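[1] Please work out how this folds:
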Amino acid sequence: MKLLESIAAASLQLNNRVVMAPMSRRRAINGVPEDMVATYYEQRAGAGLIIAENAAVSPSGLGYANLPGIYNDAQITAWKKVTRAVHNKGGKIFIQLMHTGRVGHPLNLPGGGPLPAPSAIGAGLEIGTPEGHLTTPEPQAMTTAEVKEMVQLFIQAARNSLEAGFDGIEIHAAHGLLIEQFLNPLTNLRTDEYGGSIENRSRFLLEITSGIAAIAGANRTGVRLSPLAALSSMPLYPEELATHLYLVPQLNRLNIRYLHLSDQSINGSLPIPKAFIRLIRQLFSNWLILAGGFTPATAEEMLRQNEADLIAFGRPFIANPDLVERIRHRFPLTIADKATFYEGGETGLIDYPFMDQAPVTA
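    Numbering: from 1, shown residues only. Purely as a prediction, here's the structure:
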């Protein structure tokens, strides 16, 4: 089975082509992952590659409640427990770096404060806060100097991630968060070097990627994109595919290890056209990871058709810590409990059964 074959490039060797997709689980206190998080990832170390949940690069990026960060010593120490646990099981783990931008609420930010964004355009989302569900307010447009400072915060977060023992970095340029807010001309009305043309709107991501690749090494750097997903109140725009077709060759020139495409059609978004994926395959020389509602059978088909190099699984990994072994033995999969995706402590995080434990639910 191709899905279970190893894959290697330079110093990065993966035991199989099954990727654990980054999924926010929100088991952090003051941005510090709780000890149960290490157990959670250790249980899933059979994945060829784990991409850990999105971690904020600064306090202003903790837009959602109970998100983890990677910008201070306490967080680095907590993440060291995670990477050590995964490595002790023979696994590989990247971290996903992000900033929520306009998606969030000041009540979730340490010390409060405005939400930074490319332009003062609110998302109009209902979001959980210590005072209940509230509407996201209008963000504060970042100055040019603040944008450049944010680039450096991403790069410093990459340094922190390497200190914490991660095998590499994924840059979250998807799902309506800060970097995608810069890419989209309907949320980026800037007139400086970071706004206007496709080239200018792409500059923020490319500067971050170039800087992180210089710190971590291009072979330890990846980027996640989600064309047409329209998540987090992100509007579709006419040149969306053209923007991504500009980005891909630029990222290819940086020789980063992978592109990670997130298809959200399973959640009601437009699918990424197969012809577009094939075009990206031609424009990008290194690994392509696809994510979006795959089953083991459909993942295997995509690999055999050479449409991708690796396939990322999200929710199946939540409820099946031994997902790779279940695929290997064609064992039924447990269904995840949505009520505990973002809360519940250990419940719904580290109490799902392995094959030889409790009866499967589906």
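[2] tally of neighbours for residue 156?
    Neighbour count of residue 156, defined by other CB atoms under 10 Å: 16. Where you see a C-beta, it was placed from the backbone N, CA and C, and this is true even at glycine.
[3] other SSEs contacting the host helix or strand of it?
    In this structure, residue 156 sits in helix 144-163 according to DSSP states H and E. Helices and strands in packing contact with helix 144-163 are listed as helix 73-88, strand 93-98, strand 168-172, helix 198-216; criterion 3 or more CB pairs under 8 Å, 6 or more residues apart in numbering; DSSP states H and E.
[4] quick one, which of the ones you listed is nearest to residue 351?
    With respect to residue 351, and counting by CB to CB, the nearest of the helices and strands packed on helix 144-163 is helix 73-88 at 16.8 Å.
[5] For that closest one, output the C-alpha coordinates as PDB.
    Presented in PDB, the C-alpha positions along helix 73-88 are these (Å, rounded to 0.1, in the frame of the first residue of the first chain):
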ATOM      1  CA  ASP A  73      10.000  30.300  27.700                       C
ATOM      2  CA  ALA A  74       7.100  28.600  29.400                       C
ATOM      3  CA  GLN A  75       5.600  27.600  26.100                       C
ATOM      4  CA  ILE A  76       9.000  26.400  24.800                       C
ATOM      5  CA  THR A  77       9.400  24.200  27.900                       C
ATOM      6  CA  ALA A  78       5.900  22.700  27.400                       C
ATOM      7  CA  TRP A  79       6.400  22.000  23.700                       C
ATOM      8  CA  LYS A  80       9.700  20.200  24.600                       C
ATOM      9  CA  LYS A  81       7.600  17.600  26.400                       C
ATOM     10  CA  VAL A  82       5.600  17.100  23.200                       C
ATOM     11  CA  THR A  83       8.500  16.800  20.900                       C
ATOM     12  CA  ARG A  84      10.400  14.500  23.300                       C
ATOM     13  CA  ALA A  85       7.300  12.200  23.600                       C
ATOM     14  CA  VAL A  86       6.900  12.000  19.800                       C
ATOM     15  CA  HIS A  87      10.600  11.400  19.200                       C
ATOM     16  CA  ASN A  88      10.700   8.700  21.800                       C
END
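[6] Can you work out which other helices and strands pack against that helix?
    Right, helix 73-88 is packed against strand 32-33, helix 35-43, strand 49-56, strand 93-98, helix 144-163 by 3+ CB pairs under 8 Å, 6+ apart.
[7] what do you get if the cut-off is 7 Å, keeping everything else the same?
    Counting contacts by 3 or more CB pairs under 7 Å, 6 or more residues apart in numbering; DSSP states H and E, helix 73-88 packs against strand 32-33, helix 35-43.
[8] Work out the gap between the last one and the centre of the chain.
    In terms of CA atoms, centre = their mean, to the nearest Å, the centre of helix 35-43 is set 18 Å apart from its chain centre.
[9] Which residue is the nearest non-sequential neighbour of residue 270?
    residue 228 (4.2 Å; CB to CB, 6 or more residues apart in numbering).
[10] same check, this time on residue 3
    Per CB to CB, 6+ apart, closest to residue 3 is residue 300, 5.0 Å.
[11] Over to residue 315?
    residue 336 is the one closest to residue 315 (CB to CB, 6+ apart), at 5.0 Å.
[12] is it true that residue 317 touches residue 45?
    No: with contact defined as CB atoms under 7 Å, residue 317 and residue 45 do not form a contacting pair (11.2 Å).
[13] between those two, which one's more packed in?
    residue 317 (25 against 21).
[14] list the contacts for the more buried one?
    Residue 317 makes contact with 20, 44, 323 under the criterion CB atoms under 7 Å, 6 or more residues apart in numbering.
[15] residues making contact with stretch 262-272?
    174-175, 224, 226-231, 261, 290-293.
[16] Can you tell me which of those are buried?
    174-175, 224, 226-231, 261, 290-292 (16 or more other CB atoms under 10 Å).
[17] out of those residues, which one sits closest to residue 189?
    residue 230 (18.5 Å).
[18] Surely that closest one is in contact with residue 236?
    Yes: the pair residue 230 and residue 236 qualifies as a contact (CB under 7 Å) at a distance of 5.3 Å.
[19] coming back round to it: inside strands: which ones of the contacts of stretch 262-272?
    Using DSSP state E, the subset of the contacts of stretch 262-272 located in strands is 224, 261, 290-291.
[20] Let's have these in TSV, adding distance to residue 330 and pLDDT.
    Formatted as TSV, those follow (distance: CB to CB, whole Å; pLDDT from 0 to 100):
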residue	distance to residue 330	pLDDT
224	30	98
261	27	98
290	22	98
291	22	97
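[21] Greatest separation within those: which pair is it?
    224 and 290 (11.2 Å).
[22] Pull the number of nearby residues for residue 146.
    12.
[23] same question, residue 270
    Using other CB under 10 Å: residue 270 sits among 14 other residues.
[24] Is residue 71 in a helix, a strand, or coil?
    Applying DSSP: H, G, I helix; E, B strand; the rest coil to residue 71 yields a three-state assignment of coil.
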